[in-house]
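K.L.:
Below are the sequence and a predicted model; questions follow.
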Amino acid sequence: MKFLPAARRGTQDALVDPRKALKDHLADWRSWGVDAVPRALVASTANPPPVSAAASPAPVAAGPNPEAPAGAASSPDLETLRVLVASCTACALCKTRTQTVFCSGEPSPLLFVGEAPGADEDATGEAFVGAAGKTLTKLLKEVGITRDQVYIANVLKCRPPNNRPPEPVEVAACAPFLKKQIELLNPKVICALGKHAAFSLMGWEGSMKSLRGSWRTMDGRWVTATYHPSYLLRSPGDTETVKTDLRGLVDKLTSLGARLP
């Protein structure tokens, strides 16, 4: 499976309408809990330098990362990998985290992958326990799934300061951990939560509307995506859409001869 660092999104749209691109960026940040943006950052986002399609940074598959702790690729089990993650100093996030966030739940044939921990996750060390996590728990329950039946991880294992979007170098540094985590977990089905996780996992740069509900295979595993639970906090009208996607995960598992624990 290829894990791809998140690159700057919306470049081509920004060339046409910079205000729309800025509005989209701000909406994303607001959903992650960011309620203030430095003026210099707003200026740089609203007025990006002209970039041709040919010159746009292409996603690069994350291979062996010399900055990642030795042993990530050869970890024999999830607990050993968890310990390695906890001692990681491969990027600057190690200086601002309270603790690393490895996962939520026990091994399951169904894996959800989010983007990064938030403040609640950084405080507790468990993935998806904040507002978005509570929303996900509620949605799962409404389609007949409990949280202890699924495994949840993030692309990043440390919280970015102020819940800002992850930097490509951070995604690349964590990629060996997530890659090994998936290998050891060996899920039948993976669901990326939100467009940033979808891009990191699949290199998908399009809209979630065009991706959700579709399936791809990577390393013999079925992968799809749906809207991030935090998106529903500001766009509750898509709640039924996400519930449909969640039911589709169970249907896919059934078609593969697998079922939730």
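P.N.:
Right, received. Where do you want to start?

K.L.:
Distance check, the nearest residue to Thr137 once chain neighbours are set aside against Pro117.
P.N.:
Spatially, and ignoring its direct neighbours in sequence, Thr137 is nearest to Arg147 (5.3 Å; Cβ to Cβ, 6 or more residues apart in numbering). The way it works is simple: take the backbone N, C-alpha and C, and place the C-beta from them, glycine included. Distance from Arg147 to Pro117, counting by Cβ to Cβ, to the nearest Å: 16 Å.

K.L.:
now the host helix or strand of Leu184, how far from the centre of its chain.
P.N.:
Secondary structure assignment for Leu184, by DSSP states H and E: helix 168-185. How far helix 168-185 lies from its chain's middle: 11 Å, per Cα atoms, centre = their mean, to the nearest Å.

K.L.:
Which elements pack onto the helix or strand that that helix is followed by?
P.N.:
Downstream of helix 168-185, the next assigned helix or strand under DSSP H and E is strand 189-193. Other helices and strands packing on strand 189-193, by 3 or more Cβ pairs under 8 Å, 6 or more residues apart in numbering; DSSP states H and E, are strand 110-114, helix 195-202, strand 221-226, helix 239-255.

K.L.:
Just name the most buried of the ones you listed.
P.N.:
Among these, strand 110-114 has the highest mean neighbour count (mean count of other Cβ atoms under 10 Å), at a mean of 26.

K.L.:
Give me the contacts around it.
P.N.:
127-128, 132, 136, 149-155, 178, 182, 185, 187-194, 197, 201, 228, 249, 253, 260 (Cβ atoms under 8 Å, 6 or more residues apart in numbering).

K.L.:
quick one: strands adjacent to that strand?
P.N.:
Strand 110-114 sits in its sheet next to strand 151-154 (parallel), strand 189-193 (parallel), going by DSSP bridges.

K.L.:
Relative to the whole chain's centre, how far out is the first one?
P.N.:
Distance of strand 151-154 from its chain centroid, counting by Cα atoms, centre = their mean, is 9 Å.

K.L.:
what is the mean pLDDT for it?
P.N.:
Mean pLDDT, computed over strand 151-154, is 98.

K.L.:
Stretch 239-254 too?
P.N.:
The average pLDDT for stretch 239-254 rounds to 97.

K.L.:
before we move on, what about stretch 177-184?
P.N.:
For stretch 177-184, the per-residue pLDDT averages 96.

K.L.:
Mind listing what's buried along the host helix or strand of Tyr231?
P.N.:
According to DSSP H and E, Tyr231 maps onto helix 229-234. Judged by neighbour count using 16 or more other Cβ atoms under 10 Å, the buried positions of helix 229-234 are 229-232.

K.L.:
ranges for the helices of the stretch 51-200 of the chain?
P.N.:
78-86, 119-124, 131-142, 168-185, 195-202 (DSSP state H, counting those that start in this stretch).

K.L.:
tell me the most buried of the ones you listed?
P.N.:
Highest mean neighbour count among the helices of the stretch 51-200 of the chain (mean count of other Cβ under 10 Å): helix 195-202, a mean of 24.

K.L.:
Render the CA-only coordinates of it in PDB, please.
P.N.:
Only the C-alpha atoms of helix 195-202 are listed here, as PDB (Å, rounded to 0.1, in the frame of the first residue of the first chain):
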ATOM      1  CA  LYS A 195     -10.500  13.900   2.200                       C
ATOM      2  CA  HIS A 196      -7.100  14.400   3.900                       C
ATOM      3  CA  ALA A 197      -7.000  10.800   5.100                       C
ATOM      4  CA  ALA A 198      -8.200   9.700   1.600                       C
ATOM      5  CA  PHE A 199      -5.300  11.700   0.000                       C
ATOM      6  CA  SER A 200      -2.700  10.300   2.400                       C
ATOM      7  CA  LEU A 201      -3.900   6.700   1.800                       C
ATOM      8  CA  MET A 202      -4.900   6.700  -1.800                       C
END
